[in-house]
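Colleague: Quick one, what's the 3D model for this:
(one chain, ligands or ions: 1)
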Amino acid sequence: MREVAVIGVGMTRFGELWSQSIRDMFAEAALKAMDDAGVKKIESLYVGCMSSGLYTAQEHLGSVMADYIGQRGAAAVRVESACASGGQAVRAAFMEVASGACDIALAGGVEKMWDAEDSSMVLATASDQEYEAYSGVTFPGLYAMMARAYMERYGLTREELAAVPVKNHKHAINNPHAQYPQPLTIEGVLKASLVADPLRLMDCSPISDGAACVILCPLDKAKQYTDKPVKIVGIGSASGPIALHDHADFTRLDAVRLAGERAYKMANVSPKNISFVEVHDCFSIAEIIVAEELGFFEYGKAGKAIANGAGTYGNGVVINPSGGLKAKGHPVGATGVAQVIECTLQLQGKAGKRQVENARYGMAQNMGGSGGSSVVHILEAQ
Ligand code: COA
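Modeller: Numbers count the residues shown, from 1 in each chain. Reported below is the predicted structural model:
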């Protein structure tokens, strides 16, 4: 396999983007990424998107986007793995460049969620239709069950759980693309309306519109395009049970652990080498369990550690310097690509006020459903 680098990034702001259609958002992100890399021609394009059909009645996204960004003729296809669609698009583009089949690939992600009449129904199509969605349970409900199991087993208090979104909002203040760059307090989390006990509004990632794109090329050609290529050194992907009731343990996410192990093995690094990690905090409990599955904390320890100041600057691995899904926003198909963008900016030293100093390795972890899929990327500064 050839070595592969990210040479350009571009994204929209995340939020309620009423004036932009799904193709407008994708084009904004794609053209910014192409400008950033200084490339005019894309050979192959992957579009991560969970549900453009239900959200906007538009399928066939690969061709739609290739056409709309002026790349008619390029190989173009959509990639779907629920909320992990974006991360899987990056993985697919990586594989194509690594194989030698093409030199310039664009991996993008997009979702336009605010156009749907019932976003919860659309999201629930990523759960088990016959057992979960049919019974009326939504993703906040599923993650609430995980939170309850974790809190009872490990004695995590409601106040300690609130430390996760408080930290992520603090990070998002320095992210110009964030949907909710406002400070948040523990009291603010505890007073927010109840969504699915014990999860409140401020434990939940929001409904978001947005798009994100990266350009990949072989590492040995990357310097033709940028002084600061960032190498993708590890990728791991895994599937898990589609239904929460099929997890052997509600406090674990096996697909995340497997994807992480595969990425660490490929990169030949361990958690102690990682300076920062973008994790899939779709709900505050998810960040805690994911941080444990990726080996940054022992089981049962991440929640209390974050409540005691871990996960932010100057205290070990920085978790979600971008603000994460909670505060940056979660246009589901775009999320995994936006995580890779944050890693790239950090490793290029271009993350502004949220810069993690002296970072050599960064990690991005993207997840579908309640752990039905996960993909992990490890990137290295050059
Ligand atoms: N964080 C911060 N503020 C939020 C927010 C969030 N997650 N979600 C909504 N808000 C704000 C809105 O901006 C709005 O503010 P305003 O009154 O000043 O305009 C207010 O809270 C109410 O928003 P609204 O859109 O009416 O909330 P809602 O009750 O319809 O939806 C959730 C809230 C949590 C149910 C919804 O965001 C949700 O379903 N999130 C989970 C998405 C999900 O499952 N993703 C996939 C993960 S696997």
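Colleague: mind checking pLDDT for residue 367?
Modeller: Residue 367 carries a pLDDT score of 98 in this model.
Colleague: try residue 264
Modeller: According to the per-residue confidence, residue 264 scores 98 in pLDDT.
Colleague: let's number from 331 now, not from 1
Modeller: Shifting the count to begin at 331 puts that one at residue 594.
Colleague: tell me which residues of the host helix or strand of it are tucked away?
Modeller: If you go by DSSP states H and E, residue 594 is part of helix 584-597. Residues 584-594, 596-597 are the ones in helix 584-597 that count as buried (16 or more other CB atoms under 10 Å). The C-beta positions use only the backbone N, C-alpha and C, and glycine is treated the same way.
Colleague: List just the nearest of those residues to residue 536.
Modeller: Of all those, residue 536 sits closest to residue 586, with 22.0 Å by CB to CB.
Colleague: what's the closest residue to the ligand within the stretch 381-530 of the chain in contact with, if anything?
Modeller: With distances taken as CB to the nearest ligand atom, the stretch 381-530 of the chain approaches the ligand most closely at residue 469, which sits 3.6 Å away. With contact set as CB atoms under 8 Å, 6 or more residues apart in numbering, residue 469 has these partners: 450, 453, 454, 456, 457, 612, 613, 699, 700.
Colleague: Filter those residues down to the ones in strands?
Modeller: With strands defined by DSSP state E, no entry of the contacts of residue 469 lies inside them.
Colleague: could you dump the residues you listed to a markdown table with distance to residue 641 and neighbour count?
Modeller: As requested, the contacts of residue 469 are exported to a markdown table (distance: CB to CB, whole Å; neighbours: other CB atoms under 10 Å):
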| residue | distance to residue 641 | neighbour count |
| --- | --- | --- |
| 450 | 29 | 13 |
| 453 | 26 | 25 |
| 454 | 30 | 21 |
| 456 | 27 | 25 |
| 457 | 28 | 24 |
| 612 | 16 | 27 |
| 613 | 16 | 28 |
| 699 | 24 | 27 |
| 700 | 22 | 31 |
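Colleague: SS state for residue 417?
Modeller: helix (DSSP: H, G, I helix; E, B strand; the rest coil).
Colleague: separation between residue 633 and residue 491?
Modeller: With distances defined as CB to CB, to the nearest Å, the gap from residue 633 to residue 491 amounts to 6 Å.
Colleague: where do the contact lists of the two overlap?
Modeller: By CB under 8 Å, 6+ apart, residue 633 and residue 491 have these common neighbours: residue 618.
Colleague: all helices of the chain, in order?
Modeller: Chain-ordered helices for the chain, with DSSP state H as the definition, fall at 352-367, 382-386, 391-398, 415-429, 449-454, 469-484, 488-502, 516-521, 549-552, 584-597, 614-623, 632-637, 654-658, 662-678.
Colleague: among the ones you listed, which is the most enclosed?
Modeller: helix 654-658 (a mean of 32; mean count of other CB atoms under 10 Å).
Colleague: Touching it from outside, list them.
Modeller: Around helix 654-658, the neighbours that count as contacts under CB under 8 Å, 6+ apart are 344, 494-495, 498-499, 501-502, 505, 507-511, 514, 532-536, 608-612, 614, 617, 650, 652, 665, 668.
Colleague: Using a markdown table, lay out the helices of the chain together with distance to residue 541.
Modeller: Formatted as a markdown table, the helices of the chain follow (distance: least, CB to CB, whole Å):
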| stretch | distance to residue 541 |
| --- | --- |
| helix 352-367 | 4 |
| helix 382-386 | 11 |
| helix 391-398 | 9 |
| helix 415-429 | 9 |
| helix 449-454 | 17 |
| helix 469-484 | 22 |
| helix 488-502 | 18 |
| helix 516-521 | 29 |
| helix 549-552 | 23 |
| helix 584-597 | 24 |
| helix 614-623 | 23 |
| helix 632-637 | 30 |
| helix 654-658 | 13 |
| helix 662-678 | 5 |
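Colleague: ok, and the closest non-adjacent residue to whichever residue of the stretch 581-712 of the chain sits closest to the ligand?
Modeller: Taking CB to the nearest ligand atom, the ligand has its nearest neighbour within the stretch 581-712 of the chain at residue 612, 3.6 Å off. With CB to CB, 6 or more residues apart in numbering as the criterion, residue 612 has its nearest non-adjacent residue at 4.8 Å, and that residue is residue 535.
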